[in-house]
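J.: predicted model, plus sequence, below.
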Amino acid sequence: MAGEQGATSIADFEKSLDELEKLVRDLEQGELSLEQSLAAFERGVKLTRECQQALKTAEQRVEQLVQNSDGSLESRPFTPDGSAG
């Protein structure tokens, strides 16, 4: 089930990102009323927060596979500097 939840999260992220891009295009065109623009902006802020949270969650799930001196493989949390946890 965890794999299905991850797939759903990715699909939701992509859907949110697509919607956010459409909102930006609509706002840039300048054809929305003030009220529509404010609603689009508010929705965009909400989508941005959701996308940022999804990215943070994905980052926390990323792990690196490390080969030990005996040749075995071990999964460790990813660290940007390459150090092991």
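T.: Looks like it came in fine.
J.: what mean pLDDT does the stretch of helix or strand Gln53 belongs to get?
T.: Assigned by DSSP states H and E, Gln53 belongs to helix 34-61. Taken as a whole, helix 34-61 carries a mean pLDDT of 91.
J.: which strands or helices does it pack on?
T.: Using 3 or more Cβ pairs under 8 Å, 6 or more residues apart in numbering; DSSP states H and E as the contact definition, the elements that helix 34-61 packs against are helix 2-29. Backbone N, C-alpha and C define where each C-beta goes, glycine included.
J.: show me what counts as buried in the helix it packs on.
T.: For helix 2-29, burial by neighbour count (16 or more other Cβ atoms under 10 Å) applies to Phe13, Ser16, Leu20, Leu23.
J.: kindly report the same for stretch 69-85.
T.: Judged by neighbour count (16+ other Cβ under 10 Å), stretch 69-85 contains no buried residues.
J.: ok now it, how far from the chain's centre?
T.: How far stretch 69-85 lies from its chain's middle: 24 Å, per Cα atoms, centre = their mean, to the nearest Å.
J.: spatially central residue for the chain, please.
T.: By Cα atoms, centre = their mean, the chain has its centre lying nearest to Leu55, at 3.0 Å.
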